[in-house]
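> the following block contains a protein sequence and its predicted model.
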Amino acid sequence: MINFVICEEDTSYITAYKKYIDKIMMNFDIEYDYHIFHGYTAKWKEFTSQEAGFKVYIMAIKTKEGAGLEAAQYIREQLDDWQSMIIMISVYIDYKYEALSKRLMLVDYISKFDNIETRLGDAIKICLKNYDKRPKTLKFTFKKIIYNIEFSKILYIEKEQDNKRCICKTTEGNYYIAGTLATVSKMLDHRFIQICRSIIINGEQIESYNVKSNIITFKNKEELNAISRSKKKEIINYIRGIYHR
């Protein structure tokens, strides 16, 4: 999942950015979502601190509630986030040199008067290349312990009944994750499939699927029979290699 985090006061520009991004993303089989902010507010800060998949920030240099360069510094230095992509778009071209001097690892600094559709499109393509190269791990904190679990070792993730946490079943043991299954799903990639309301499985860990008994067997021989009727075809197509998310 790619999260495009747009911070811009002018709603017409927000509409334009989304149009340009949609046009680019039509060529890629990648899930994405938008998160819109009109200033660098407390809510913006709260979102930046969340583990919410791969983030691409599209940031205005100035808003009534904060400055883009200070916000970018917050992402890099306070959050120690060097994985997220940052694109600055502004009418203030003079700030470009200040932005570069701060070593914020910007993807681009784009002028609103300089062929913005093409420039933003090129910047998004660079972000997508980094998305493909990102670490394939599930990062989360539970009871003040930070975990970094390789996707390849995850069998499935299940929401516990009557509890605000999920259990992550792996080839090396089980881990608890605070939050809903929907929140966890945003941190995963295309190999993971939700087979019912409470379980997401790692498709690459499937050894076989018995359609008649509706049982999935994982490579470690563990079995699961919670596949909903509406998800059977999806599982069959995935195993046959004809399903692409």
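On my side now, so go ahead.

> how much space separates Ile61 from Arg229?
52 Å (CB to CB, to the nearest Å). C-betas here are computed from N, CA, C, even on glycine.

> of the two, which one has the most company?
Ile61 (21 against 8; other CB atoms under 10 Å).

> what residues are up against Thr137?
Neighbouring residues of Thr137 by CB atoms under 8 Å, 6 or more residues apart in numbering: 148-151.

> can you rerun that using 6 Å?
148, 150 (CB atoms under 6 Å, 6 or more residues apart in numbering).

> next SSE after the helix ranked longest in the chain?
Identified as the longest helix of the chain according to DSSP state H is helix 116-133. Sequence order places strand 137-142 as the next helix or strand after helix 116-133, per DSSP states H and E.

> chain center to that next one: distance?
13 Å (CA atoms, centre = their mean, to the nearest Å).

> and if you look at stretch 114-131?
The answer for stretch 114-131 is 17 Å, by CA atoms, centre = their mean.

> what residues sit buried inside that stretch?
Judged by neighbour count using 16 or more other CB atoms under 10 Å, the buried positions of stretch 114-131 are 116, 119-120, 123-124, 127-128, 131.

> out of those residues, flag the one nearest to Phe28.
Comparing the buried residues of stretch 114-131 against Phe28 with CB to CB places Leu128 closest, at 6.3 Å.

> what secondary structure does the closest residue to the closest one other than its chain neighbours sit in?
Closest residue to Leu128 apart from its sequence neighbours, by CB to CB, 6 or more residues apart in numbering: Phe28 at 6.3 Å. The three-state label given to Phe28 by DSSP: H, G, I helix; E, B strand; the rest coil is coil.

> same question, Arg76
Reduced to three states by three-state DSSP, Arg76 is helix.

> that'll do, ta.
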